[in-house]
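Colleague: Sequence plus predicted model, see below.
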Amino acid sequence: MRSRVLLSFLILTMAIAASSLSVEKSYWQLLVAYDQNGISIVEAGPIPPAPKQIRTPGLDGAPVRIGYELEWLDGANSILANATAEIPLGLRVTPSENDSTGCRVLMPEAAMFVIRVEGPLPTATPAAVRLNRVETMFRSVPGLTIPPVFEQQTVVAPIQRLASGVNRVPGPISATKLRDTGPDNNRLVYVVLGDGYTAANLAAGQFTTAANTFVSAFGTRSPWDVLFTGTNVYRIDVESNEQGSDNDPTQGIYKDTYFNSSFFVNGIERLLAIDGTGYSRAVSAANTFVGYGLWDCLFILVNSTKYGGSGGNVAVSSVHPSAPDILLHESGHSYANLADEYSDAYPGYPPGDPEPNVDFDYSGPGLKWLIWVTPGVPLPTPPTSPYLSSVGAFEGARYLTTGIYRPMYNCEMRALNQQFCPVCKEAHVNRYTTMMRLLDGASPAWNTNVMLPLTPKTITLTPLPIGQMQYAWRLNSVPLSDTIGSSITLTTLDYYAAGALNQAYLDLEVKFPTLLVRQHENIQTYRWTLYADCNDNGISDIQDILSHFSQDLNGNFIPDECDAQICCVDVTGNVNMTGIVDLSDLSALVSYLTGGGYQLPCRNEANINGVGIVDLSDLSALVSYLTGGGFVLPPCPS
């Protein structure tokens, strides 16, 4: 009867566990083009499964974000799958060279961008997507004219082609992995491409030097000095027919370059950007040499020393000496969702403080970065010595001179060639630890069943290489240890000590403790399902008992052949297994030895003197211990 009950319990538990398993989501990447005639999907393809968070490039900090309910359609207009999606629109103009003017934004009449959304199974062949608009959020000037195609409530966008993993754009392209910190599917992946570099320029190493300068600038500037230890960087060499860029050094000069870069876009001299064709080529190159949808940010370095750049779906900069800071600043927008802290007038710029580095509050619990404020600094903070290097609440940010506050007097988001303030650094780190899985792997892997024999079983972790992680382990909700170690060793003894019967859960919390973060700390959880396997036959103890492979005559749910090694805890003497050694244990032992009917739940506990058999000498030893006769209970046999 007991076996049937246990079997039912086992089946029920396994059914519940199976029902809780999550179905792996399938993500797709869409290269979207729009103009006055409509929207089309130039290319769509499934993204290989990745541990890291799949995000649309440039979505954070986009001047305009439009939310859609997206329906994947097959050739008969039947719905294959549903998803929600946000589309990033707009182009951000880099700050002026002398920092007198902050970023400006504009809306191209025609452009391309990438979005990444949940989709049908990778084997599906969707023919179109239906976009049903649900909201529009302006992050910048509301006076921007949204292209008419995005004003429509419903749009059906045909898919021109499905990705095959083949580079579709001809051109002499080669790639070098400048930084390799681990698998791309759990790393921030930056791709640096060059425009306006001829074959002779490439052979002379000019683009190599420019790319190395970019990597060095990021790798030595906080917080990127930390984050770059878990960031992969690719350099993709692209040959252009001519050197330079359009409208360089003056308007009316045109160059035949691979990505079609140009200064004076929309009449703004410092606005250096690429067109839709160039963007599609950059996306194609990244897909080919990094992996479909596995890259996170595209950077294009243009072979010109003229000052200029832009941000958005792709960051573009010349190789002017300020180029690294232009790209650092633009990454602050598109990667860390930071606001400009410039206070020069920008008529029509919408009021608001949604970003982490600006706030309408200047003191009290409402101040977003109160935990960072330097002790003793007045709030609001006067822009005078001795507060210029302190964290406080300085008035003027987000293109307003009054009524809104920033954390420090100066920061990379207010002027180029500055350090990021602590609040902006924290935003970068929080974005990274939210995107990435803090563990690259484990052996055995999490979300698997692990058999625990009597011999030690070690679970070893492989953490992200960004610094020392902190771990908290729990077995059936009971804390095991809080340690900086990246492994834990368990045996069947730990399993039964936790009170487990059919199965046990080993849970792990991982966090990245760093002085760069004081709030919004990211904690990730992992789980293993454990089964006792005391006889190390690859089958759980409970299944051994249910199948009658092992006996359990004393009914303690432990195979009898393992009792001797498992049931005894610390020292002998706890005959009745109630947890303490007292007169009730003496009574139980007398009943057993005199044929009174008592069944020993654990022979090793009753083997008081440890000589191997349970007899009157054990009774004598227990009497001596309980009456103060000097007998010392020996340790349980190992």
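Modeller: That came through fine.

Colleague: now the helices: where do they sit in the stretch 151-300 of the chain?
Modeller: Taking DSSP state H, counting those that start in this stretch, the helices of the stretch 151-300 of the chain run over residues 199-203, 206-219, 224-227, 276-289.

Colleague: Tell me which residue lies nearest the centroid of the protein.
Modeller: What sits nearest the mean C-alpha location of the chain, by CA atoms, centre = their mean, is residue 436, with 2.0 Å.

Colleague: residues in contact with the nearest residue to it once chain neighbours are set aside?
Modeller: Distances taken as CB to CB, 6 or more residues apart in numbering place residue 52 nearest to residue 436, at 5.2 Å, with adjacent residues excluded. Using the backbone N, CA and C atoms, a C-beta is placed for each residue, glycine as well. Applying CB atoms under 8 Å, 6 or more residues apart in numbering, we find residue 52 in contact with 185, 186, 187, 435, 436, 437.

Colleague: and the first one, what is it in contact with?
Modeller: With CB under 8 Å, 6+ apart as the criterion, the residues that contact residue 185 are 48, 49, 50, 51, 52, 291, 294.

Colleague: Check the gap between residue 298 and residue 271 for me.
Modeller: Note on residue 298: its distance to residue 271, by CB to CB, to the nearest Å, is 18 Å.

Colleague: er, residue 44 I mean
Modeller: As judged by CB to CB, residue 44 and residue 271 stand 30 Å apart.

Colleague: more crowded one of the two?
Modeller: Taking neighbours as other CB atoms under 10 Å, residue 44 and residue 271 compare with residue 44 leading, 25 against 22.

Colleague: Next one: the more buried one relative to residue 129, how far apart?
Modeller: Relative to residue 129, residue 44 is positioned 8 Å away (CB to CB).

Colleague: Now for those two: what residues contact both?
Modeller: Residues touching both residue 44 and residue 129 (CB under 8 Å, 6+ apart) are 30, 159.

Colleague: thinking again about what came up before, as CSV, the contacts of residue 185 with pLDDT and secondary structure would be great.
Modeller: Formatted as CSV, the contacts of residue 185 follow (pLDDT from 0 to 100; DSSP: H, G, I helix; E, B strand; the rest coil):
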residue, pLDDT, secondary structure
48, 93, coil
49, 92, coil
50, 92, coil
51, 93, coil
52, 94, coil
291, 91, coil
294, 94, coil
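
Colleague: what's the neighbour count on residue 106?
Modeller: Neighbour number of residue 106 under other CB under 10 Å is 22.

Colleague: What confidence value was assigned to it?
Modeller: At residue 106, the pLDDT value in this model is 88.

Colleague: dump the residue contacts of it.
Modeller: 90, 91, 93, 144, 266, 268, 271.

Colleague: which of those has the weakest pLDDT?
Modeller: Least confident by pLDDT among these: that is residue 144, with 71.

Colleague: which element is residue 589 on?
Modeller: Residue 589 is part of helix 583-593 when elements are defined by DSSP states H and E.

Colleague: What residues sit buried inside that helix?
Modeller: If you call a residue buried by 16 or more other CB atoms under 10 Å, then helix 583-593 has these buried ones: 585, 586, 588, 589, 591, 592.

Colleague: between those residues, which is closest to residue 629?
Modeller: residue 586 (12.8 Å; CB to CB).

Colleague: what about residue 84, how many neighbours?
Modeller: The number of residues packed near residue 84 is 11, by other CB under 10 Å.

Colleague: which SS class is it?
Modeller: Of the three states, residue 84 takes strand under DSSP: H, G, I helix; E, B strand; the rest coil.

Colleague: shouldn't it be in contact with residue 56?
Modeller: No: the pair residue 84 and residue 56 does not pass the contact test of CB atoms under 8 Å, sitting 11.6 Å apart.

Colleague: looking at this, residue 124 is in a helix?
Modeller: No: counting by three-state DSSP, residue 124 is not part of a helix but coil.

Colleague: Including distance to residue 626, could the helices of the stretch 151-300 of the chain go into CSV?
Modeller: Below are the helices of the stretch 151-300 of the chain laid out as CSV (distance: least, CB to CB, whole Å):
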stretch, distance to residue 626
helix 199-203, 89
helix 206-219, 69
helix 224-227, 61
helix 276-289, 77
